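Chemist: structure of the sequence below:
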Amino acid sequence: MFEPPWSVTDWNSPREPQRGDAGSGGGLRGSLRRLLRPRRGAVEARVFVLGTVGTDAVTDRLCAVLDRRGHATRAVTIGEGDPALRGRGERGAVETLVVNAHDDSEAVRRAQDMLGPPDVVVVTAAGRDSRAARGPGRGDVVRSIAGSVPAGAHVVNAEGTPAVRRYLATAVERRGATISHVGAHDADAPGAELGSAIDGALAALEEPPMPDEEREAFAAASHPEWLDLRAGRCYDALGVTDTVALERLRYALCPDREPIELVVVTDRERRDVAATLADYASDCHERRLIPTVYAIGPLSAQFADRCTAPTVDRGGDAPAGRVLDEALAAGPTIVVGPEGTPAGTAIADSITERIERSGTARIG
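Modeler: Take a look at the predicted model:
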């Protein structure tokens, strides 16, 4: 198990080795080591930021606000590898830890084991992607978030889906914690709920909210913009598989209901994402928002069979750049699907090669 090479009171001081640190952290020895491990300094608050979208933006802005107000704050991102620490070169006590654990239950577990349980849990979104809530009381993401809340913590929930709000309220209260729901979840602009999440976290820390001008600037920075490529307008939404986030994204890019072309990347390891995107594309086609879908990757044929929108199946061997240009020639194009896959990397590289000037490429 990874052990951070710092203490909370002095992030540069080396960690003294503890007996039993080597080897597996499981079993009786690991349990005793966790019980006997000394508290890491006088941390006044641990804030965990969880969700399917927007966790990076909320973590960064919350830290910036607290830093400006004189708090000794450190941000930690828990990912697949070792935690990424911001401010490693600074010395001094740490009052507030802001931990970006995304929506990964394993990341949340590691964060709690390394840094202690959260005092405040901020939920940015727990939307309807293939891993999230398909109805009241179901969904791996929602259960993971609810299960990460310890007794005595306070949850600030900016996810607006009524079924998710009801589930979180019940689950959190059963765990002996409290919850407050924030944000205008019917807001058209992506990122509106993220400002509410930050203000809710500040309130939980007994801090005043952001000034109006800062909140407006944050919302403006969260607004997506098209990339202007030689062949047309494009938006790279790889990695965003939450259909609520995708719909807000589409609306923000096309508030006048301008139709868009959709390029869908598929991968054998993410069949759930392919099915979710096929259903989303079908719904958008019925609303006359997506005329044509272009599917690439190893599951393109299965995607085409499920999707009721006209789908051009280009398979797993078609040059990504050629497929992208084909879509762009027909109209503004959004590229979706799992990132970090062979097909996803190929089309992301094709977008990069074609950029003449770019806007904001991501929400959060």
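Chemist: from here on, just use CA atoms for contacts and neighbour counts.
Modeler: OK.
Chemist: which parts of the stretch 51-200 of the chain are helices?
Modeler: Remark: helices assigned in the stretch 51-200 of the chain by DSSP state H, counting those that start in this stretch are 55-68, 105-115, 140-147, 162-174, 192-204.
Chemist: what angle sits between the last one and helix 55-68?
Modeler: Helix 192-204 runs at 40 degrees relative to helix 55-68, counting by axes from the mean of the first three to the mean of the last three C-alpha atoms, to 10 degrees.
Chemist: which neighbouring elements make contact with the helix or strand just after helix 192-204?
Modeler: As assigned by DSSP states H and E, the chain's next helix or strand after helix 192-204 is helix 212-221. Contacting helix 212-221 under the criterion 3 or more C-alpha pairs under 8 Å, 6 or more residues apart in numbering; DSSP states H and E are the following elements: helix 192-204.
Chemist: neighbours of residue 163, how many?
Modeler: By the criterion of other C-alpha atoms under 10 Å, residue 163 has 14 neighbours.
Chemist: thought residue 175 was touching residue 150?
Modeler: Yes: counting by C-alpha atoms under 8 Å, residue 175 touches residue 150, with 6.7 Å between them.
Chemist: the more surrounded of these two?
Modeler: Set residue 175 next to residue 150 and count neighbours by other C-alpha under 10 Å: residue 150 wins out with 20 against 16.
Chemist: could you pull up the residues touching the more buried one?
Modeler: 117-118, 175-177 (C-alpha atoms under 8 Å, 6 or more residues apart in numbering).
Chemist: just send these back as TSV, with pLDDT too.
Modeler: As requested, the contacts of residue 150 are exported to TSV (pLDDT from 0 to 100):
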residue	pLDDT
117	91
118	93
175	94
176	96
177	96
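Chemist: can you flag the buried ones in those?
Modeler: 117-118, 175, 177 (16 or more other C-alpha atoms under 10 Å).
Chemist: wait, residue 119 sits on residue 148?
Modeler: No: using C-alpha under 8 Å, residue 119 makes no contact with residue 148, being 11.3 Å away.
Chemist: returning to that earlier point: taking the buried ones among the contacts of residue 150 one by one, which sit in strands?
Modeler: Of the buried ones among the contacts of residue 150, none are assigned to strands by DSSP state E.
Chemist: for the stretch 1-150 of the chain, which spans come out with low pLDDT?
Modeler: 1-42, 79-93, 103-104, 127-140 (pLDDT under 70).
Chemist: ok, which stretches of it are strands?
Modeler: 45-50, 73-77, 84-86, 96-102, 120-123 (DSSP state E, counting those that start in this stretch).
Chemist: and the contacts of the last one?
Modeler: Read that as strand 120-123. By C-alpha under 8 Å, 6+ apart, strand 120-123 touches 45-51, 145, 149, 153-159, 197, 201, 204.
Chemist: can I get that strand in CSV, CA atoms only?
Modeler: C-alpha atoms of strand 120-123 as CSV (Å, rounded to 0.1, in the frame of the first residue of the first chain):
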residue,chain,number,x,y,z
VAL,A,120,-17.0,17.2,4.5
VAL,A,121,-17.9,15.3,1.4
VAL,A,122,-18.7,17.3,-1.7
VAL,A,123,-20.7,15.5,-4.4
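Chemist: just give me the closest of the buried ones among the contacts of residue 150 to residue 245.
Modeler: residue 118 (26.0 Å; C-alpha to C-alpha).
Chemist: ok, now which ones touch residue 46?
Modeler: Residue 46 touches 96-99, 116-120, counting by C-alpha under 8 Å, 6+ apart.
Chemist: pLDDT value on the closest residue to residue 210 other than its chain neighbours, please?
Modeler: With C-alpha to C-alpha, 6 or more residues apart in numbering as the criterion, residue 210 has its nearest non-adjacent residue at 6.3 Å, and that residue is residue 199. Looking at residue 199, its pLDDT is 94.
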